[in-house]
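*Asks:* prediction below, plus the sequence it came from.
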Amino acid sequence: MKRSRFLVAAILLAAALPLHAADSKYMSVAVQKTQVRASAGYLGAILGVLNYGDRVTVLAQPAGAPKDWLYVLAPDGKLRGWVNASALTAKKVELSSSSGSVQKSASSGDVALAGKGFNSDVEAEYKSEGGLDYTWVDRMESFVVPSTTVIEFMTEGGLSAGGIE
């Protein structure tokens with residue numbers, strides 16, 4: 001009797017696993033870096049960072065959450081949180097080369113730019129054509145403002161997030 005109950009339970013469990021796996025949706029990070037947040041919005045505490053090409057499992061988009069935020073599980077299987085859907089793509093991003101002439105490694109910046117179709121050759125062409133100086137653009141890209149500073153600034157100024165989620 002115990003054996004037949006165990007057999008029935010094992011069969012039911014085996015049947016349920018593929019159904020659960022079919023419900024999972026996998027997506028790849030389509031930007032250089034994106035933050036995993038504790039709540040669905042840009043003011044949520046940052047729990048971690050995902051990099052270009054990281055493959056995440058979309059766990060849910062719970063009712064009541066903004067439609068452009070997804071609750072994901074990071075590739076490490078430990079980090080869970082909210083990521084803006086605009087940073088993700090359904091396409092599987094493969095970071096490999098079939099050519100032996102390609103440099104063996106690339107910076108995450110190179111990979112992100114290549115994914116967007118913008119590389120150092122294109123940037124050099126822009127610089128040479130218009131005589132534009134990208135010094136301040138490069139410098140601004142290096143600025144990092146912690147979310148706690150942004151929240152403090154908004155509070156002191158009497159600002160609200162408004163439409164920002």
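*Replies:* Perfect, thanks for sending it.
*Asks:* only C-alpha atoms for contact and neighbour calcs from this point on.
*Replies:* Fine.
*Asks:* tell me the secondary structure at residue 82.
*Replies:* strand (DSSP: H, G, I helix; E, B strand; the rest coil).
*Asks:* low pLDDT regions in the protein?
*Replies:* Low-confidence segments of the chain (pLDDT under 70): 1-24, 62, 64-66, 95-123, 125-127, 129-132, 161-165.
*Asks:* all strands for it, in order.
*Replies:* Taking DSSP state E as the test, the strands found in the chain are 25-29, 33-37, 46-51, 55-60, 69-73, 80-84, 88-89.
*Asks:* would you reformat those strands as TSV and include distance to residue 160 and mean neighbour count?
*Replies:* Formatted as TSV, the strands of the chain follow (distance: least, C-alpha to C-alpha, whole Å; neighbours: other C-alpha atoms under 10 Å):
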stretch	distance to residue 160	mean neighbour count
strand 25-29	29	19
strand 33-37	19	21
strand 46-51	19	16
strand 55-60	27	20
strand 69-73	19	23
strand 80-84	20	24
strand 88-89	27	18
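*Asks:* looking at the ones you listed, which is closest to residue 140?
*Replies:* When the strands of the chain are compared by C-alpha to C-alpha, strand 33-37 sits nearest residue 140, at 16.3 Å.
*Asks:* check which helices and strands the closest one sits against.
*Replies:* Helices and strands touching strand 33-37, by 3 or more C-alpha pairs under 8 Å, 6 or more residues apart in numbering; DSSP states H and E, are strand 46-51, strand 80-84.
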